[in-house]
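Asker: Show me the folded form of this:
(chains A and B, ligands or ions: 4)
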Amino acid sequence: MLHYYDPRTESYQPGKNRLNPDVDYGTPVSLSEELVSISVDGRDITVPEGTSVLRAAALAGINIPKLCASDNLEAFGSCRLCAVEIEGRRGYPASCTTPVAEGMAVTTQTGKLAKLRRNIMELYISDHPLDCLTCPANGNCELQDVAGAVGLREVRYGFDGENHLDAEIDDSNPYFSFDPSKCIVCSRCVRACDEVQGTFALTIEGRGFDSKVTASQNDPFMDSECVSCGACVQACPTSTLMEKSVIDAGQPEHSVVTTCAYCGVGCSFKAEMKGDQVVRMVPYKGGEANHGHSCVKGRFAFGYATHKDRIKEPMIRETINDPWQVVSWDEALAFSAKKLKGIQAEHGRESIGGITSSRCTNEETYLVQKLVRAAFGNNNTDTCARVCHSPTGYGLKTTLGESAGTQTFDSVMKADTIVVIGANPTDAHPVFGSLMRKRLRLGAKLIVIDPRRIDVIHTPHAAEGLHLPLRPGTNVAIVNALAHVIVTEGLEDQEFIHNRCDTEAYNAWRTFIAEARNSPEAMEAVTGVAADKVREAARMYAQADNGAIYYGLGVTEHSQGSTMVMGIANLALATGNIGKEGGGVNPLRGQNNVQGSCDMGSFPHELPGYQHVSDPAVRERFQAVWGVPIDNEPGLRIPNMFDAAIAGSFKALYVQGEDIAQSDPNTQHVESALRALDCLIVQDIFLNETAKFAHVLLPGSTFLEKNGTFTNAERRINRVRKVMEPIAGLEDWEVTMALSNALGYPMHYSHPSEIMDEIASLTPTFTGVNYDKLEQLGSIQWPCNDEYPEGTPTMHTVDFPIGKGRFAITEYLASEECASRRFPLLLTTGRILSQYNVGAQTRRTSNSDWHEEDLLELHPSDAELRGVKDGDWLGISSRVGHTVLRAKLSTRMLPGVVYTTFHHPSSGANVVTTDNSDWATNCPEYKVTAVQVEKVSQPSDWQRNFVDFNKRQQALLKPTMESGEDCHATALK
Amino acid sequence: MSDQQLNNLIKMLDQIIANNLHHGDDDKVTDVAADHLHKFWARSMKQRIIAYASESPAELSALARSTIAKLEAAPE
Ligand code: SF4
Ligand code: SF4
Ligand code: SF4
Ligand code: FES
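Answerer: Ligands and ions are numbered 1, 2, ... in the order given. Next comes the predicted model:
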């Protein structure tokens, strides 16, 4: 188990002991290297200079009462409860705002201090309702604890003076309530919103007795700028800000540390439980990715796990027009195995395949690709990363030698210039977005390269970012222009290039990039971005001590996605921003386990650890453990599977936790492919869009119902721990195992840790990873092997896996998908904070209160031209399809660019996206679709069909769901 | 056999070649493109394009033809 520093048994050594995340040390850590020794109540302790007396005392194991201080917030010094006596100083200084000084002798308990503290508490309590026994915070209230600790016994002022006991409750937020009658105006919530979240939604209004907490301009929380991250709720020492789930269920009685299953930040949480019911999710301070912060999704949107729409039993049917038939696990698996074998017998070994899930654990993903390669006997395995970050894998492997980001999230705190390209961190990676904003408030510069003006550009209390609003589809043009400036203005890091990069590749690249056609002036007509702005940005990045690039799907989801990733790596190599903290190339991964699903060999050409299937030595090692021959040719990628299905050579597909019918481009093409399959096996928690075309439906389990690991965008392997039993008796890895056994290829694991042991034995970057070590260290960033036994926070510090860094030539080619007379606008897509991807989970929670439907954002000038007003129905047509959405006028994009999200299936956002794709990886070009937009009065044909088809499929499911109240499926254990 | 599948293969191949023209001479370009197909295309995709090149070579660009020829000649 994780070993934490215990002041009773060992001495404190700054930076060495692992602090207990369950203890609040009162004020933040000081990073000073200078050490100072003091004594507290006679106990000696040595701490970094700048540490508060309150924190030093806590590290010595002495708890000074406190109310306004917390170790994730700067000290404020308002409650005065933490008063102490210091030898040689007068009065009773507040220990939270008093820094340590060499030789200081502090006393924390005297008769005078006790009296002072009691008096303070007396004042607080005289204006506090005394309904402790019925208060939701009862048993977990700092005010109550401190009253107990200071020995408060009477309140002389009585309770009938002026007070706030009638203040009205604000219930507007679906997840937490605000009851100002309980507020002690400690301002922890305000500071949490400012310092931790960076939204600045709260203020203390008024002075003295009249002061109170208000959201924005005295708005209800829901109407304010609040983004519902919950940091204030967590910071509140009373029940003023309180989760509604706790108000309903009461205080939790035990907790389990696990990992959020939404985005690639991979926040650690304590799932606080009552029996097998999750009462609340509290971000875990010991989590290295989030340090105790979270967003609205991870903290609050977990109710989908117990939603009535969950698939609770295995089901089968012969055709997609038949009603679903509930069967036992054995029957469902036997049915599946028989179909798969029959199809292979008739159409050949390569006629079936599988899709792994970036939502499931590493162990589950590993098993699905193993099932395909070993039991199906082909390499037709792919994953949803195909449609998001496959170009990252290709581009970074080509240039830097490893298919992963180079840094930790914390590295951003050392960056001097931050470049964000095609990513929207405050919405899509919110906890990292908050960290980035913190760094921006401390003075780092920001460059944003994006067609849309995203929120991080305007960060409260930071300088405005430099925005380069390029035309969709011209990424490579702009990255070349930036590199051109760096090279021609002599801003390269020659030493780094000389020592760390391949000379021949560098020279070739340098000659190419220095050509005048790559200059910002020459590219201005292509990108639409003024040349002087590009020059300014290039200088800002190259001249910074540390320049860090963060990018997202706005980089990868293009016909030149892989080229753009290489262009980004070129920039970092040319400026020596690799192998050090504060720099790096950082893909922001969309889903919780995209990194992991790629690492685990989901791609058809690579075995786990990015080892190519054509390498005989690699295959031999896998064959020795798996006991079967492995095909030496790559298999089909998802779009190739669709083409082959329509062509009739691909007949069956096993899909785990992935909704290809909604998330993949050109929906009508995908639907025809799915209809062409003889056997579609879907394993999922809901009847998703794909499942409506399925013949076998296997109930999936949520992250709360399983053990395993996720790997986040910083290569950090985090543990997922089971807090409740899987709804249908089996965790996802157990289902895959059972399917494999039914197919006659034996798999026998009794716990995911055994699967991880197998992964470690076959994957050079994972050899040092095991569950015991994960328990000891909390998390591990791969590579973790003999060379790096505790993992690798920053990559490429000494050399690259390919020896030298390789510059790549990145010729800009215009996308075929360009605006024309018929389709004069460019559509680009993205997501918003409260919803998650296809929305299957978040739509089944109160997060929908923030985003009920997908809207089409368009510029007022484009709207005027078409006579469109806010809220009008708009038909959007591309060369492949047509859909209808409501209009929202917005100046976030330039004229000529329109934008929508894709969280609701009925929106049909992907009915219009085309099957153009990245040249190297077939990652779809979601981010550029030429469209026309016009006012309409009714939904599109596709949408009307969607409604009918959905109704029909729901009806085919309904009888089973009704009978399925209690689960009849026999578990297979 | 759907032509859509074949059309996509041809389109993908053209795209791969277009993105590697910077390698300079045709020999190098087709080497790189053939290697890409070798590494990333499934067996059935390779077979399909090789078959097509022998049936209707006229429909393919010269670079596409020589890429496919190199792919065919490469050892498994
Ligand atoms: S929930 Fe988050 S954003 Fe909203 S007020 Fe609290 S800290 Fe600020
Ligand atoms: S709401 Fe809670 S955290 Fe905010 S000032 Fe009141 S008591 Fe303090
Ligand atoms: S930032 Fe991402 S990982 Fe963290 S709580 Fe939000 S969705 Fe979950
Ligand atoms: S905790 Fe120090 S003044 Fe409140």
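Asker: alpha carbons only for contacts and neighbour counts from here, please
Answerer: Fine.
Asker: Flag the shaky bits of chain B, pLDDT-wise.
Answerer: Low-confidence segments of chain B (pLDDT under 70): B:1-2, B:75-76.
Asker: Just want the most central residue of chain B.
Answerer: Residue closest to the mean C-alpha point of chain B, counted by CA atoms, centre = their mean, is residue B:68 at 4.4 Å.
Asker: does that one count as helix, strand or coil?
Answerer: Using DSSP: H, G, I helix; E, B strand; the rest coil, the secondary structure recorded for residue B:68 is helix.
Asker: Now it. Nearest residue, chain neighbours left out?
Answerer: Nearest residue to residue B:68, sequence neighbours excluded (CA to CA, 6 or more residues apart in numbering or on different chains): residue B:50, at 6.2 Å.
Asker: How about residue A:444?
Answerer: Sequence neighbours aside, residue A:416 is the residue nearest to residue A:444 in space, at 4.6 Å (criterion: CA to CA, 6+ apart).
Asker: And the residue of chain B closest to ligand 1?
Answerer: Nearest residue of chain B to ligand 1, counting by CA to the nearest ligand atom: residue B:19, 45.0 Å away.
Asker: Tell me if I'm right that that residue and residue A:811 touch.
Answerer: Yes: counting by CA atoms under 8 Å, residue A:811 is a contact partner of residue B:19 at 7.1 Å.
Asker: Show me the strands in the stretch 751-900 of chain A, by range?
Answerer: Listed in chain order, the strands of the stretch 751-900 of chain A (DSSP state E, counting those that start in this stretch) span A:779-781, A:825-830, A:855-858, A:873-877, A:882-889, A:897-901.
Asker: Roughly how far does residue A:530 sit from residue A:483?
Answerer: Using CA to CA, to the nearest Å, residue A:530 is found at 16 Å from residue A:483.
Asker: Comparing these two, which shows the higher neighbour count?
Answerer: The neighbour comparison of residue A:530 against residue A:483 (other CA atoms under 10 Å in any protein chain shown) goes to residue A:483, with 29 against 16.
Asker: per-residue confidence for the residue in the stretch 851-973 of chain A positioned nearest to ligand 3?
Answerer: Using CA to the nearest ligand atom, residue A:903 is the residue of the stretch 851-973 of chain A that sits closest to ligand 3, at 14.7 Å. pLDDT, the model's per-residue confidence, is 77 for residue A:903.
Asker: Find the closest residue to ligand 2 in chain B.
Answerer: Closest point on chain B to ligand 2, by CA to the nearest ligand atom, is residue B:40, at 55.7 Å.
Asker: Would you check that my belief about that residue contacting residue A:614 is correct?
Answerer: No: applying CA under 8 Å, one finds residue B:40 not in contact with residue A:614, separated by 10.2 Å.
Asker: ok now do residue A:94, which residues does it touch?
Answerer: Neighbour list for residue A:94: A:77, A:80, A:81, A:82, A:83, A:84 [criterion: CA atoms under 8 Å, 6 or more residues apart in numbering or on different chains].
Asker: go on, residue A:591?
Answerer: Contacts for residue A:591 (CA under 8 Å, 6+ apart) come out as A:261, A:262, A:263, A:264, A:358, A:359.
Asker: and it, bridged to which residues?
Answerer: Applying DSSP bridges to residue A:591 gives these bridge partners: residue A:263.
Asker: Quick check: chain neighbours aside, which residue is closest to residue 71?
Answerer: Let's take chain A. Counting by CA to CA, 6+ apart, the residue nearest residue A:71 is residue A:27, at 3.9 Å.
Asker: try chain B instead
Answerer: Excluding its sequence neighbours, the residue lying closest to residue B:71 (CA to CA, 6+ apart) is residue B:34, at 5.2 Å.
Asker: Now do the host helix or strand of that neighbour: everything it contacts.
Answerer: When elements are assigned from DSSP states H and E, residue B:34 belongs to helix B:26-40. The contact list for helix B:26-40 (CA under 8 Å, 6+ apart) reads A:605, A:614, A:634, B:13, B:16-17, B:20-23, B:46, B:63-64, B:66-68, B:70-71.
Asker: quick one: it to chain centroid distance?
Answerer: A distance of 8 Å separates the centroid of the chain from that of helix B:26-40, by CA atoms, centre = their mean, to the nearest Å.
Asker: what number of residues lie near residue A:616?
Answerer: Residues near residue A:616, counting by other CA under 10 Å, number 12.
Asker: Over to residue A:7?
Answerer: Neighbour tally, residue A:7, other CA under 10 Å: 14.
Asker: Contact residues of chain A facing chain B?
Answerer: Contacts of chain A with chain B, taken as CA under 8 Å from any CA of the partner chain, map to A:605, A:614, A:633-636, A:643-644, A:646-648, A:809, A:811, A:813, A:919-920.
Asker: with the residues you listed in mind, which one is nearest to residue A:106?
Answerer: residue A:809 (64.0 Å; CA to CA).
Asker: Which residue is the nearest non-sequential neighbour of the closest one?
Answerer: Spatial nearest neighbour of residue A:809, chain neighbours left out: residue A:509 (5.4 Å); criterion: CA to CA, 6+ apart.
Asker: Run a quick neighbour tally on residue 69.
Answerer: Just so you know, I chose chain A. For residue A:69, using other CA under 10 Å, the count is 29.
Asker: was after chain B, sorry
Answerer: Residues contacting residue B:69 under the criterion other CA under 10 Å number 16.
Asker: Pretty sure residue A:345 sits in a helix.
Answerer: Yes: Residue A:345 sits within a helix when classified using three-state DSSP.
Asker: Okay, it and residue A:352: tell me how far apart.
Answerer: 11 Å.
Asker: Between those two, tell me which one has more neighbours.
Answerer: Using other CA under 10 Å, the more surrounded residue of residue A:345 and residue A:352 is residue A:352, with 31 against 11.
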